[in-house]
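Visitor: What shape does this take:
(chains A and B)
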2 protein chains.
Amino acid sequence: MKETILSTTRAYDGRLLKVDVLDVALASGQRSTREVVQHPGAAVILAQLGDGRFVFVRQYRAAIGRETLEVVAGTLHPGEDPVACAHRELREESGYTARDLERLGTVLPAPGYTTERLHTFFARLNPTQQALATDIDEHVQVEYLTAAQIDAHIADGKIEDAKTLAAWMLYLARQHRDRRLVPGS
Amino acid sequence: MKETILSTTRAYDGRLLKVDVLDVALASGQRSTREVVQHPGAAVILAQLGDGRFVFVRQYRAAIGRETLEVVAGTLHPGEDPVACAHRELREESGYTARDLERLGTVLPAPGYTTERLHTFFARLNPTQQALATDIDEHVQVEYLTAAQIDAHIADGKIEDAKTLAAWMLYLARQHRDRRLVPGS
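Guide: A predicted model of the protein is given here:
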């Protein structure tokens, strides 16, 4: 079902968003066009404190006109390694540093129209919180949720962000796998 | 933390994608711009056959240059109700019709830069499959997965699509809730 890209035209070149129009040949031989948002990718971090609580950020999202409750995440700088990005975003958005960082997997937020890949991590945090260092036009508020509160907020619709739902799904899958690896559990 | 939109400029007006640049006043009084993909929204359907298996579609995604394994989903037509869209997409992409459709919740695939909302449903299917009726430039292949296979494909990274991970998370949350409602379980 592979499609062959015949040509690519940069149709919009904005501050953050770039849109390319791809002229493609389908497997059937027919031609079509695909509009694609070119995105550098992002790191997503489900971060846990020593007391078991998870770190969330509440922030206003202009695209949907209200606040969301999300895990820590941020866009890769040019050439930045996802692990370095995860450490940087944790520091900037939550004020915490990671004691260790574990890959949970890659998530595609909208493979129909964006190249964005979310490099998703689980972080165990050091206890000391520094001041946040968010961008001048980025205002986030740190909140702490237990696993039971996360489950409740997913069930009652207070957590709607796909990367947060996906990170929690991958974390639960990892826990399930780890439990199976412990003999007798 | 609310931001006030001072003006909106349509910066790209493509076949499917529209990009607006919003001039916003932050809560601090500062000005900034937000680039936003205007999207009509979509219906996402986790569909189950009477034998317990779930219906997935495999399709080539030009944005990421390879095939993905996803639940059935599709963009709302202008003015279309999400429930009507869910029934239509099920028919077109899987060939099945829904015996009943239950809301699982709303998911935001990328609230940082798109208005898209995913209206997510769980469908119990009628057993008879008709021919698919996909768009001329859309080629999908129907696959059937058990719950255990879905869990395995999430753990091994074969399911990376955020709406699919989110729909499965919402379905598991619903099952957990239903179990708690049954006395003695």
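Visitor: Got phi/psi on A:His176?
Guide: Main-chain dihedrals, A:His176, degrees, to the nearest 10: phi -60, psi -40.
Visitor: contacting residues around it?
Guide: B:151, B:155 (C-beta atoms under 8 Å, 6 or more residues apart in numbering or on different chains). Heads up, the C-betas are built off the backbone N, CA and C, glycines and all.
Visitor: just A:Ala27 next, same as before
Guide: Contacts for A:Ala27 (C-beta under 8 Å, 6+ apart) come out as A:1-3, B:60, B:139.
Visitor: give me the beta-bridge partners of A:Val107?
Guide: Beta-bridge partners for A:Val107, by DSSP bridges, are A:Leu118.
Visitor: Would you check that it makes contact with A:Leu165?
Guide: No - A:Val107 is beyond contact range of A:Leu165, at 9.7 Å (criterion: C-beta atoms under 8 Å).
Visitor: For stretch A:73-80, what is the distance to the chain centroid?
Guide: 11 Å (C-alpha atoms, centre = their mean, to the nearest Å).
Visitor: cool, stretch A:144-162 as well?
Guide: 16 Å.
Visitor: likewise stretch A:140-148?
Guide: With C-alpha atoms, centre = their mean, you get 16 Å for stretch A:140-148.
Visitor: Can I get it as CSV, trimmed to CA atoms?
Guide: Output of stretch A:140-148 as CSV, limited to C-alpha atoms (Å, rounded to 0.1, in the frame of the first residue of the first chain):
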residue,chain,number,x,y,z
VAL,A,140,1.9,26.2,33.3
GLN,A,141,0.8,25.3,36.7
VAL,A,142,2.1,22.1,38.3
GLU,A,143,-0.4,19.6,39.8
TYR,A,144,0.1,16.3,41.6
LEU,A,145,-2.1,13.3,41.0
THR,A,146,-2.1,9.8,42.5
ALA,A,147,-2.7,6.8,40.1
ALA,A,148,-6.3,6.6,41.4
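Visitor: Which ones among the contacts of A:Ala27 lie within helices?
Guide: The subset of the contacts of A:Ala27 located in helices under the criterion DSSP state H is empty.
Visitor: Name the residue most distant from the centre of chain A?
Guide: Within chain A, the residue lying farthest from the chain centre (C-alpha atoms, centre = their mean) is A:Gly29, at 35.9 Å.
Visitor: gap between it and chain B?
Guide: Distance of A:Gly29 to chain B, computed by C-beta to the nearest C-beta, to the nearest Å: 12 Å.
Visitor: did I read that right, that residue in a strand?
Guide: No - counting by DSSP: H, G, I helix; E, B strand; the rest coil, A:Gly29 is not found in a strand; it is coil.
Visitor: Quick check: neighbours shared by A:Val107 and A:Leu165?
Guide: Residues within reach of A:Val107 and of A:Leu165 at once, by C-beta under 8 Å, 6+ apart, are B:162, B:165.
Visitor: So of the contacts of A:Ala27, which two are at opposite extremes in space?
Guide: Maximum pairwise distance among those (C-beta to C-beta): 10.0 Å, between A:Lys2 and B:His139.
Visitor: between these two, who's got more neighbours?
Guide: B:His139 (17 against 12; other C-beta atoms under 10 Å in any protein chain shown).
Visitor: Can you give the domain ranges for chain A?
Guide: Structural domains assigned to chain A are A:4-38, A:42-181, following automatic domain parsing.
Visitor: any idea which of those is most buried?
Guide: Most buried of those by mean neighbour count (mean count of other C-beta atoms under 10 Å in any protein chain shown) is domain A:42-181; its value is a mean of 19.
Visitor: Cool, thanks, signing off.
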